[in-house]
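*Asks:* Quick one, what's the 3D model for this:
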Amino acid sequence: MNLGQLKQLRTTAFMTGLLASAITISACQQQQEPEPSLEDSINAEESVPMSADPADPSDTVVETDDTSLNEVEDDTVANVNTGLTQMTYLCSPELKVEATYKDDTNQVVLGTDMGTVTLAQTNEGSNPEVFEVASAMDGGEGFTQWRVAHEERETGVMRTAGADETKVNTYECKTNK
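*Replies:* Have a look, this model is predicted:
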């Protein structure tokens, strides 16, 4: 941008600001007065000297002696909508499953005493939601499948197998409410 264009841009911005100021001022007046011309506004603005003193700071003061603020501070839990849902399931045969649903990426992370795996959703349905990964719960060869049903993901079925995929372990799970 050359110097001529910069000056023209600055002049245009200044003129636009003055015009907006003139419109705002005229809109706030109760009496019907003739609107000042743009030239009058420019001359009036130019004749006002600018102060070199900085404006007063606008500090925000929070009173910490407010007992209601202190009472709320200890008892409040902030909820952030991050697309994560954590649930605990108790399964039969005996197994505890910690599931973290990542709704924004259509994934679930399953954690058990056998290991932790991240599964990707393989269907577009919501009842049941079907998740799979091509590894066993311990991260080795095999597969893990997770099907969760109901609107609130109350029940699930986990199928997992190691290197010998003919030996599938199936667990029926319910939320720990």
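
*Asks:* going forward, measure contacts between C-alpha atoms and count neighbours the same way
*Replies:* OK.

*Asks:* how about low-confidence regions in this structure?
*Replies:* Residue ranges of the chain with pLDDT under 70: 1-4, 6, 18, 22, 24-82, 177.

*Asks:* repeat that with 90
*Replies:* Segments of the chain classed as low confidence (criterion: pLDDT under 90) are 1-85, 103-105, 114, 124-128, 137-139, 149-153, 162-166, 176-177.

*Asks:* And the helices in it, which stretches?
*Replies:* Per DSSP state H, the chain carries helices over the ranges 3-28, 38-47, 67-75.

*Asks:* Just give the number of residues close to the residue nearest to G83 when sequence neighbours are not counted.
*Replies:* Distances taken as Cα to Cα, 6 or more residues apart in numbering put D103 closest to G83, at 5.1 Å, once the chain neighbours are dropped. Neighbourhood size, D103 [other Cα atoms under 10 Å]: 13.

*Asks:* how about the strands of the protein, start to end?
*Replies:* Here the chain has its strands, by DSSP state E, at 84-92, 95-102, 107-112, 115-121, 129-133, 143-149, 155-161, 168-175.
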